[in-house]
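Asker: Kindly return the folded structure for what I paste below:
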Amino acid sequence: MIQDIYPSKLDNSYKNVKPRDEDFVLLFNEEEKIYVAVNEGKMRFLTFADYRIDKAEKSFSEVYLFSVDDKRYFLLNNFTRYPDCDSAGDYFTIREIRDKFSGEDDVNIYVAFTAYHLWKWYRDNRFCGKCGTALLNSEKERALICPGCGNVIYPRINPAVIVGVTKGDCILLTRYRRGYRHNALVAGFTEIGETLEETVAREVMEETGVRVKNIRYYKSQPWGMAQDILVGFYCEADGDGEIHMDENELKYAEWVKREDIELQPNNLSLTNEMMKMFKDGNS
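Answerer: Residues are numbered from 1 along each chain as shown. As a prediction, this is how the structure comes out:
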């Protein structure tokens, strides 16, 4: 999965530090695309030294994000115009990063996803929701602080479930009506006042009309593309498993035998791992 970067390791603890020339700098544009250099089909991030930044440009800020092993990553924020780069590259959406570079450099894909999660949070929280004052970065922790009323805002993480619903030797596969075009499992966000297990039962019923039982936890995954923490569960159909698909959400929902499961084109997602586990008879 996307977070499986062993022997490398993410260190997401906050540090109040400034970038060195050799540190990596991540830059997103107004279209939510990240800039990467491409060399022989592989992506790489530019260092601070790679950027030609006009020192008269006073609006940008440098924010430490995290480290992977001994490599430090920073975010450049608040440009009135974007800096020139010494290295050839392009801007890509996070989905394009996943599809184009999967299998070539999965550590950098994980870096891009995690950086996007934090960039979205910084971009969407510029002013205090209580009093409207411009927010400041905390110098002690990963937080934004309102100098007007003292409100403190922490990064947002959205809990969502991925559900492998089984019936004997079959699993319930779906395809979304919009967006991702490959096979998926039932998925959805947790609502206010709801347990994860209740989310599983509700989402399966809403999307497919199938009642479930014997809900059991499998594994979790950070998914920065949607600022999610994905929580995987397997469960069993309760009854005959007749499908009544929500056509607003899905264009496909069918019971599929193990040997007929068509997996996704890469191994980055919890969904694909859960489908593969069932296909191989390990769930």
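
Asker: all contacts plus neighbour counts: C-alpha atoms, from now on.
Answerer: Noted.

Asker: all strands of the stretch 151-283 of the chain, in order?
Answerer: Here the stretch 151-283 of the chain has its strands, by DSSP state E, counting those that start in this stretch, at 152-153, 158-167, 170-176, 186-189, 212-223, 228-237, 250-257.

Asker: Give me the pLDDT value at Asn29.
Answerer: As predicted, Asn29 sits at a pLDDT of 86.

Asker: Sorry, slip of the keys, the one I care about is Gly179.
Answerer: Confidence score, pLDDT, at Gly179: 68.

Asker: Kindly report the same for the one 4 residues further on.
Answerer: Reading off the per-residue confidence, Asn183 sits at a pLDDT of 94.

Asker: Then the one 5 residues further on?
Answerer: According to the per-residue confidence, Gly188 scores 95 in pLDDT.

Asker: Helices of the chain, residue ranges please.
Answerer: With DSSP state H as the criterion, the chain has helices at 94-101, 106-124, 196-208, 270-279.

Asker: residue contacts, Leu150?
Answerer: In this structure residue 150 is Gly, not Leu. With contact set as C-alpha atoms under 8 Å, 6 or more residues apart in numbering, Gly150 has no partners.

Asker: buried residues in stretch 172-185?
Answerer: By 16 or more other C-alpha atoms under 10 Å, the buried positions in stretch 172-185 come out as Leu172, Leu173, Thr174, Arg175, Tyr176, Asn183, Ala184, Leu185.

Asker: quick revisit: the helices of the chain: which one's closest to Leu76?
Answerer: Closest to Leu76 of the helices of the chain is helix 106-124 (C-alpha to C-alpha; 9.2 Å).

Asker: Determine how far that closest one lies from the middle of the whole chain.
Answerer: Relative to its chain's centre, helix 106-124 lies at 7 Å (C-alpha atoms, centre = their mean, to the nearest Å).

Asker: How about stretch 212-231?
Answerer: Counting by C-alpha atoms, centre = their mean, stretch 212-231 comes out at 12 Å from the chain centroid.

Asker: farthest pair in the buried residues of stretch 172-185?
Answerer: Among these, Leu172 and Tyr176 lie farthest apart (C-alpha to C-alpha), at 13.2 Å.

Asker: Surely Ser269 is in contact with Met1?
Answerer: Yes: if you go by C-alpha atoms under 8 Å, Ser269 and Met1 touch, sitting 5.3 Å apart.

Asker: rewinding a little: which stretch among the helices of the chain comes nearest Asp228?
Answerer: Per C-alpha to C-alpha, nearest to Asp228 of those: helix 106-124, 8.6 Å.

Asker: List of residues touching the closest one?
Answerer: Contacting residues not belonging to helix 106-124 are listed as 2-3, 5, 8, 26, 28, 34, 43-44, 65, 75, 94, 97-98, 101-102, 155-156, 223-227 [C-alpha under 8 Å, 6+ apart].
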